[in-house]
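Visitor: compute the structure for the input listed below.
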Amino acid sequence: MRNGSSAILRDYTVPARLCNGALMNFLEPISRVLERIARGLERLGPPEAATPDFSSASAFLFQAETASFMPVPVVNCVPLPLLKGVDRNKDVLLANTERFARGLPANNALLWGARGMGKSSLINATHSALCEGHPRLKLIEIHREDIAALPRVLSRLRTAPNDRFILFCDDLSFEAVDNSYKSLKAVLEGGIEGRPQNAVLYATSNRRHLMPREMIENETSTAINPAEAVEEKVSLSDRFGLWIGFHQCSQDDYLAMVRGYANHYGLNASQSDIEGSALEWAATRGSRSGRVAWQFTQDLAGRLGKSIH
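Guide: Now for the predicted structure:
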């Protein structure tokens with residue numbers, strides 16, 4: 001029996017070896033094909049984002065497609081002293097930003113209110129006024145449609161703990177079909193990882209609560225508990241420690257803006273002529289604001305043949 005058993009085992013071992021060899025011959029070309037497919041997919045995918053060099057500039061634009069930070073050599077900025085009619089707002093934001101630049105605690109800030117009153121200009125001007133004395137203070141603009149990428153941005157900023165970053169989102173608002181506000185809430189406060197100590201978020205909006213009124217009303221009408229629905233929507237703006245409101249300017253403030261621009265850029269004309277033309281310009285626009293004052297200044301400089309850049 002022992003010899004018979006050995007013969008039987010030998011009979012089964014040979015076919016098994018043949019089967020294993022055939023299987024390997026069958027799988028080897030498949031493995032090579034899969035490797036080529038994997039290499040092809042890697043080439044089709046986006047390239048790995050390079051480590052950002054934040055020492056190359058003081059301001060950057062975040063590009064969501066490549067998850068990269070594009071340096072901005074020259075920032076479009078109005079000098080801080082030329083921003084008129086918003087003195088209290090200037091003091092509040094400048095003090096908060098200066099503390100942050102010095103490595104002290106600071107709040108996220110929501111600048112909300114009237115159009116054209118210098119909300120985004122104040123953020124740019126504040127950074128420009130401080131970055132010379134604080135070269136590690138960086139301004140990073142992230143577009144409103146890319147706000148869902150904010151967690152990725154913050155994770156990159158954590159790799160540069162010695163720099164201080166102001167994340168700037170202009171005209172931040174959310175519509176009824178937009179749920180990215182929930183991600184923003186978690187990033188601002190309440191997320192398990194939280195906001196890094198070297199970053200603050202400054203946002204501008206025409207709406208105090210970042211939501212259109214009809215969106216809040218619709219949520220109220222369809223919710224089981226209407227009060228909680230409203231609270232859920234407006235609580236996003238509560239995550240900003242500073243609410244800085246901008247209101248329509250008076251005629252005196254408007255004329256002060258015009259005079260400030262005219263003096264700064266050397267637009268030589270009589271004050272009465274400048275003010276009369278400025279009031280006529282505002283009347284044709286139907287409003288007075290910092291934006292209207294700047295647009296009038298551009299028109300005046302063009303008529304006088306002066307460059308203001």
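Visitor: give me the pLDDT for Leu122.
Guide: pLDDT, the model's per-residue confidence, is 97 for Leu122.
Visitor: can you check the one 10 residues further on too?
Guide: In this prediction, Glu132 carries a pLDDT score of 91.
Visitor: buried ones in stretch 195-208?
Guide: Residues 195, 198-205, 207 are the ones in stretch 195-208 that count as buried (16 or more other Cβ atoms under 10 Å). C-beta here means a position set from N, CA and C on the backbone, and glycine is covered the same way.
Visitor: just the helices from the stretch 201-309 of the chain, written as ranges.
Guide: In the stretch 201-309 of the chain, the helices defined using DSSP state H, counting those that start in this stretch lie at 213-222, 226-238, 251-264, 271-285, 290-304.
Visitor: out of these, which is closest to Asn108?
Guide: helix 226-238 (10.3 Å; Cβ to Cβ).
Visitor: where does the chain dip in pLDDT?
Guide: For the chain, the stretches flagged by pLDDT under 70 are 1-27, 42-50, 175-179, 183, 186, 190-191, 209-235.
Visitor: just grab the bridge partners of the residue nearest to Gly103 when sequence neighbours are not counted for me.
Guide: Leaving aside its chain neighbours, Gly103 sits nearest to Arg164 (7.2 Å; criterion: Cβ to Cβ, 6 or more residues apart in numbering). With DSSP bridges as the criterion, Arg164 is bridged to Leu137.
Visitor: cool, and the one 4 residues further on?
Guide: Beta-bridge partners of Phe168, counted by DSSP bridges, are Glu141, Tyr202.
Visitor: domain parsing of this protein, as residue ranges.
Guide: As given by automatic domain parsing, the domain ranges for the chain are 56-246, 251-304.
Visitor: which one of those lies nearest to Leu34?
Guide: domain 56-246 (28.0 Å).
Visitor: first-to-last residue distance for the closest one?
Guide: 34 Å (Cα to Cα, to the nearest Å).
Visitor: and Lys84, that's in a helix?
Guide: No - looking at Lys84 with DSSP: H, G, I helix; E, B strand; the rest coil, it is coil, so not inside a helix.
Visitor: residues in contact with it?
Guide: Going by Cβ atoms under 8 Å, 6 or more residues apart in numbering, Lys84 touches 253, 256-257, 260, 290.
Visitor: now those as CSV including distance to Ala114?
Guide: Shown next, in CSV, are those (distance: Cβ to Cβ, whole Å):
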residue, distance to Ala114
Asp253, 12
Ala256, 16
Met257, 14
Gly260, 19
Gly290, 10
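Visitor: redo those residues as TSV? Include distance to Arg99 and neighbour count.
Guide: Formatted as TSV, those follow (distance: Cβ to Cβ, whole Å; neighbours: other Cβ atoms under 10 Å):
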residue	distance to Arg99	neighbour count
Asp253	28	19
Ala256	29	15
Met257	28	27
Gly260	27	18
Gly290	26	28
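Visitor: for the stretch 101-250 of the chain, just list every one of the strands.
Guide: 109-113, 137-141, 164-169, 199-205, 242-246 (DSSP state E, counting those that start in this stretch).
Visitor: what would those strands look like in TSV with distance to Asp87?
Guide: What follows is the strands of the stretch 101-250 of the chain, written out as TSV (distance: least, Cβ to Cβ, whole Å):
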stretch	distance to Asp87
strand 109-113	15
strand 137-141	22
strand 164-169	21
strand 199-205	18
strand 242-246	12
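Visitor: and Val153, which of the helices of the stretch 201-309 of the chain is closest to it?
Guide: So among these, helix 226-238 is nearest, using Cβ to Cβ, at 18.0 Å.
Visitor: one step back: with respect to Lys90, which of the contacts of Lys84 is nearest?
Guide: Taking these together and measuring to Lys90 by Cβ to Cβ, the closest member is Gly290, at 12.2 Å.
Visitor: contacts only, for the closest residue to the closest one other than its chain neighbours.
Guide: Nearest residue to Gly290, sequence neighbours excluded (Cβ to Cβ, 6+ apart): Gly118, at 4.4 Å. Shown in contact with Gly118 (Cβ under 8 Å, 6+ apart): 78, 83, 86, 246, 290-291.
Visitor: which of these ranks first by neighbour count?
Guide: Within the contacts of Gly118, Gly290 tops the neighbour count with 28 neighbours, counted by other Cβ atoms under 10 Å.
Visitor: got a list of what that one touches?
Guide: With Cβ under 8 Å, 6+ apart, Gly290 has these contacts: 83-86, 116-118, 121, 249, 257.
Visitor: mind putting these in CSV, distance to Ser56 included?
Guide: Below are the contacts of Gly290 laid out as CSV (distance: Cβ to Cβ, whole Å):
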residue, distance to Ser56
Leu83, 28
Lys84, 34
Gly85, 36
Val86, 32
Gly116, 33
Met117, 33
Gly118, 28
Ser121, 24
Cys249, 38
Met257, 34
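Visitor: quick one: which of those is nearest Asn107?
Guide: Within those, the smallest distance to Asn107 is 18.3 Å, found for Val86 (Cβ to Cβ).
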